[in-house]
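Undergrad: Following is a predicted model, sequence given first.
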Amino acid sequence: ARVKDPAAQKAGSLTVHTRWAPCSKNKVLVKVLKEIFQRGGSYVRISNITKYGRKRDWLMGKLRFQTLREKVAEEIRLKILNQELTPGMRIIEQELSDELGVSRGPIREALRQLEQEGMIEYTRNIGCSVREVTRQDVYETYLLRSSYEILAVRLFDAQFTDEEIARMEEAVELMKSLTIENYSNVVAYGCMLHAVIIEKAGLARLTKAWCDLEYGEIFSCNAGYTDKMSVIKRQYPIHKELVEVIKTRDVEKICKAISEHYMLTVKRLETDRKGVQAEKQDGQ
């Protein structure tokens, strides 16, 4: 498999990772490598890794240690995010096995992981299906995520460097390029921005706890009654507003803005729910 080495980009050269050759028949890995190559070896910083989007850190060490189960779980998450797998839809192990080119063992392991994350549910004598996302699911994950980020901000007293703010602004600018075709990047770009906040604290366990809740972003995108374009249009303005507050380096203002940023989605879901109920009543 051939991928661009970020350090060699300016020279326009390619680095050949021969140890990956035996894995070339793995369809998931081949798909990933093709994407890296087609993007010209583009990458973001190690601190901006996200499991759900296409804009990842491709400093190659990280990908080498991703297990087959993790790669399969990621593919299923993307299918849920892109609404290829919708709430209530049954997940057929053999179909996934054929599509991804892996045995059913890693498929089962990935499904167990996603069940623990709350993205799918297992019903006896029926199997696995995509779980319906509730307002409570989004509220709990966003409450925890915002609390972790607020803790991080207080720990380093909101002393963001100009370079860190520039990285957040880069993520915001990328949101302008979002389309239906690259919808999976909705989660990726949001995580790029928020990762700068959480990792600034330099606490590995705090970062891990925050990363373990990244599936909450998929919850928020698939909850409620809005379509993909509605989700896309919201991304730039709400994140632009957050970054503008972060630029003040005022701890209290930033903590308040982070909380409001996350709870805005929860309030929107409640408004959508009431709107649908009202439409049903009018129809009767």
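TA: Perfect, I can see it now.

Undergrad: where are the low-confidence patches of this structure?
TA: Within the chain, the stretches with pLDDT under 70 are 1-66, 222-226, 272-284.

Undergrad: So which bits of stretch 203-212 are buried?
TA: Along stretch 203-212, these residues count as buried under the neighbour rule (16 or more other C-beta atoms under 10 Å): 203, 206-207, 210-211. From N, CA and C alone the C-beta is placed, and that goes for glycine too.

Undergrad: Would you map the helices across the stretch 101-250 of the chain?
TA: Listed in chain order, the helices of the stretch 101-250 of the chain (DSSP state H, counting those that start in this stretch) span 104-117, 135-155, 162-174, 185-199, 204-211, 215-222, 228-246.

Undergrad: related to what we said a few turns ago, list just the nearest of the buried residues of stretch 203-212 to Leu85.
TA: Cys211 (22.4 Å; C-beta to C-beta).

Undergrad: ok, now how distant is that closest one from Glu199?
TA: 10 Å (C-beta to C-beta, to the nearest Å).

Undergrad: Next: Arg124.
TA: Separation of Arg124 from Glu199 (C-beta to C-beta): 41 Å.

Undergrad: returning to that earlier point: need the helices of the stretch 101-250 of the chain in CSV (columns: distance to Val72).
TA: Below are the helices of the stretch 101-250 of the chain laid out as CSV (distance: least, C-beta to C-beta, whole Å):
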stretch, distance to Val72
helix 104-117, 4
helix 135-155, 22
helix 162-174, 27
helix 185-199, 18
helix 204-211, 18
helix 215-222, 15
helix 228-246, 24
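
Undergrad: of all those helices, which lies closest to Ile80?
TA: Ile80 lies closest to helix 215-222 among these, at 6.0 Å (C-beta to C-beta).

Undergrad: Name all residues that make contact with the closest residue to Lys247 other than its chain neighbours.
TA: Closest residue to Lys247 apart from its sequence neighbours, by C-beta to C-beta, 6 or more residues apart in numbering: Ile165 at 6.0 Å. By C-beta atoms under 8 Å, 6 or more residues apart in numbering, the contact list for Ile165 reads 243, 246-247.

Undergrad: at 10 Å instead, please
TA: Shown in contact with Ile165 (C-beta atoms under 10 Å, 6 or more residues apart in numbering): 196, 243, 246-247, 249.

Undergrad: Including neighbour count and distance to Ala171, could these go into TSV?
TA: Output for those, formatted as TSV (neighbours: other C-beta atoms under 10 Å; distance: C-beta to C-beta, whole Å):
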residue	neighbour count	distance to Ala171
Val196	25	8
Val243	17	9
Ile246	23	12
Lys247	14	14
Arg249	14	18
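
Undergrad: right, and out of those, which lies closest to Ser146?
TA: Distance to Ser146 across those (C-beta to C-beta) is lowest for Ile246, with 13.9 Å.

Undergrad: ok, so what distance separates the closest residue to Ala152 other than its chain neighbours from Glu217?
TA: Excluding the flanking residues, the one nearest Ala152 by C-beta to C-beta, 6+ apart is Ala201, at 3.9 Å. For Ala201, the distance to Glu217 equals 20 Å [C-beta to C-beta].

Undergrad: same thing with Glu149?
TA: Distance of Glu149 to Glu217, given as C-beta to C-beta: 13 Å.

Undergrad: Could you name every residue contacting both of these two?
TA: Common neighbours of Glu149 and Glu217 (C-beta under 10 Å, 6+ apart) are His194.

Undergrad: For my notes, please list the contacts of Ile165 in CSV and give distance to Pro87 for each entry.
TA: Shown next, in CSV, are the contacts of Ile165 (distance: C-beta to C-beta, whole Å):
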residue, distance to Pro87
Val196, 32
Val243, 32
Ile246, 34
Lys247, 38
Arg249, 41
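
Undergrad: And for the nearest residue to Glu117 once chain neighbours are set aside, the neighbour number?
TA: Nearest residue to Glu117, sequence neighbours excluded (C-beta to C-beta, 6+ apart): Tyr215, at 4.8 Å. Residues near Tyr215, counting by other C-beta atoms under 10 Å, number 21.

Undergrad: Which residues are in contact with Tyr215?
TA: Tyr215 makes contact with 51-52, 73, 77, 80-81, 114, 117-119, 137, 141, 187, according to C-beta under 10 Å, 6+ apart.

Undergrad: which among those gets closest to Leu174?
TA: Nearest to Leu174 out of the contacts of Tyr215 is Val187 (C-beta to C-beta; 12.2 Å).
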